[in-house]
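Peer 1: here are the coordinates; sequence isn't available:
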């Protein structure tokens, strides 16, 4: 038996998670589902039309019906008839009124393309979300939310750069401290690009990396000028492995040598260079976190992101990366870094911190850190 | 009455072509349909499953059924019931056996996503093909052909660069002699990119620009390595307005100053830098041109492309552009340019020529041209 939120499932917790499971339930995704609930809670509408096109065991679907105190109508879909049968059984057991749920069992992209006026779509596939992106962004109404989960984090983070180029049309950057952030920014770029084809503007409002997956929520808006505004914040990242210089640039500003140490620069992109979080939304999530049943971990993650969202930087530093680059044999504790660089911690890694200081100032203060370390 | 190939239509030739016409027939697209017939004739298969998802008046569909001497089964679709009724009437009049045709009247993308194992798909929408690309490349079988017509040539050629960035994810370049070629190369890049998301390789095999539209035929192949091979030929174009220097480069080779005259370089891309034609296919089309009823214009276009395909260059020169850049008051006839630069004419414009000489050699010989002009 598995308990998640208000839902009790008569499934064994799987030893190994695989797409071949008859009814798919992934216990490592509890936080993923928690954030769905929190996000729906924070939407201004009291009535919501929600689609879970890869519904699997239905735990996400059932939790949002039972736990979010709003008038939610749900469109559930899973290609597997076994999953559908399992979910139907669950609905009966929990006495969910029939009129709240529509059930389909077909190709997710085909279904999405027939739907209209959705407030929320949650794309949580096994593997890369790319095959579903175009279909997922069409049926959302203006100001609707699109949630994208990507489990191909090693592709987005640079272990397989050619695959990243094929799937996401961008160069990743494995050899920087914040390769996960680069990956999430590439994922965001891809969604923005798919939206722009239709004059839609998909602005990221909440992003995180956790365990084996990345996840980003986007708010849809409509109109060519709005799409242009987003595309203006798509560009490239220059990075120096030697002195940790990093800079966001437009295509025409690309350069090959580090202006500080003349080392050959590395490059990533195109990627999203704007904000990863809508601060107002994060505050609202933080305030409302007690009103739905989220795990301790979800709460901790949200707490850290709430701090992190206050500093708007592309990339962060890590204690180990910094110490290696500047040859600090015995690095001081992270608190010392936070102090010297006016930093905040990042949820991406326990030893990471963001700062809004520019690189010249970071270099200057690194001497300070060294002298007093 | 309108006659095209073996088909006689009881439609008035429209004064103005508009998507609001009840049954859509565009007389300026005869050449477009001629090339469909020729292409089907040149495919190695004797049995073909063909889809015309924006069938309109059905003249393309009917012509390929009547004029291509192969065992063709056709899937016709048009969202307008009036168009469908008109086409059904035509089929009866020409006594086309029912089993050769399947007729649908629905959203083209939805239909395409339900189909499988197609040999040929022809996308000829009113406006940009971008909304249909992803759906169109899925149902083709390996080695099947995809034909894409784009009538948003002003967007692709640089009149509306922001729209080009939204729809095609690339910067066009209006201020060069070969802005149409840049546009076609951007269109090709977009199709390759859409295919690569699914590990498909869509290689352009025949491209042309005519009147108000661009058109490219792609052969589908499958596999990540094949897709990677195509993406390796996607890059950028550098261009100097002053000395006409042009160079295809990879992202990391971008530069801002002309190596010949130090002028600020212009840039376009990402775009396709490979070949625009499969020469073997062009030869086969040329040989077989007498076996289908194509117009004089189609034949002339093919003849010029046959010559043009022998020189593999990105971009071409024009007599007027050359004369302006090198201040030639009385330019010699184009034949003189062809001779000096070992050039061939291009179908893109009557005063254009391609050469495989590099820019240094072009500069050197331009003096020769001047001295003897």
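Peer 2: Ah, there it is. In this text, all values refer to a predicted model and were calculated from it rather than measured experimentally.

Peer 1: which stretches in the stretch 1-150 of chain A count as helices?
Peer 2: Applying DSSP state H, counting those that start in this stretch to the stretch 1-150 of chain A gives helices spanning A:30-42, A:59-67, A:81-93, A:108-114, A:130-137.

Peer 1: closest one to residue B:25 among these?
Peer 2: Across these, residue B:25 has its closest neighbour in helix A:108-114 (28.4 Å, C-beta to C-beta). In short, each C-beta sits where N, CA and C put it, glycine included.

Peer 1: for the stretch 151-300 of chain A, what spans make up the strands?
Peer 2: A:200-210, A:213-222, A:234-239, A:246-249, A:266-272 (DSSP state E, counting those that start in this stretch).

Peer 1: what residues are up against the residue nearest to residue A:115 when sequence neighbours are not counted?
Peer 2: In this structure, residue A:115 finds its nearest non-sequential neighbour in residue A:139, 4.0 Å apart by C-beta to C-beta, 6 or more residues apart in numbering or on different chains. Residues counted as contacts of residue A:139 (C-beta atoms under 8 Å, 6 or more residues apart in numbering or on different chains) are A:51, A:112, A:113, A:114, A:115, A:116, A:117, A:118, A:121.

Peer 1: picking up where we left off before, right, and the helices of the stretch 1-150 of chain A - which one's nearest residue A:243?
Peer 2: So among these, helix A:130-137 is nearest, using C-beta to C-beta, at 34.8 Å.

Peer 1: does that closest one reach chain B?
Peer 2: Yes - with C-beta under 8 Å from any C-beta of the partner chain as the measure, helix A:130-137 is seen reaching chain B through A:130, A:131, A:134.

Peer 1: tell me the helices and strands packed up against that helix.
Peer 2: helix A:108-114, strand A:118-123, strand A:140-150, helix A:179-196 (3 or more C-beta pairs under 8 Å, 6 or more residues apart in numbering or on different chains; DSSP states H and E).

Peer 1: of those, which is nearest chain B?
Peer 2: helix A:179-196 (4.1 Å; C-beta to the nearest C-beta).

Peer 1: give me the number of residues near residue A:152?
Peer 2: Residue A:152: 24 surrounding residues under other C-beta atoms under 10 Å in any protein chain shown.

Peer 1: let me see the backbone angles for it.
Peer 2: phi -90, psi 60 (degrees, to the nearest 10).

Peer 1: how close does it get to residue A:165?
Peer 2: Distance of residue A:152 to residue A:165, given as C-beta to C-beta, to the nearest Å: 13 Å.

Peer 1: over to residue A:28?
Peer 2: 28 Å.

Peer 1: so these two - more neighbours on which side?
Peer 2: Legend: neighbour count by other C-beta under 10 Å for residue A:28 and residue A:165, higher for residue A:165 (20 against 12).

Peer 1: which ones are touching the residue lying closest to the more buried one once chain neighbours are set aside?
Peer 2: The shortest distance from residue A:165 to any non-neighbouring residue, by C-beta to C-beta, 6+ apart, is to residue B:231 (5.8 Å). Contact analysis of residue B:231 by C-beta under 8 Å, 6+ apart lists A:162, A:165, A:166, B:192, B:193, B:196.

Peer 1: what pLDDT does residue B:231 get?
Peer 2: Residue B:231 carries a pLDDT value of 98.

Peer 1: go on, the one 5 residues further on?
Peer 2: With respect to pLDDT, residue B:236 scores 98.

Peer 1: ok, residue A:63 touching residue A:9?
Peer 2: No - if you go by C-beta atoms under 8 Å, residue A:63 and residue A:9 don't touch, sitting 10.6 Å apart.

Peer 1: let's have the residues of helix A:130-137 next to chain B in a markdown table, adding pLDDT and neighbour count.
Peer 2: Below are the residues of helix A:130-137 next to chain B laid out as a markdown table (pLDDT from 0 to 100; neighbours: other C-beta atoms under 10 Å in any protein chain shown):
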| residue | pLDDT | neighbour count |
| --- | --- | --- |
| A:130 | 98 | 23 |
| A:131 | 97 | 18 |
| A:134 | 98 | 23 |
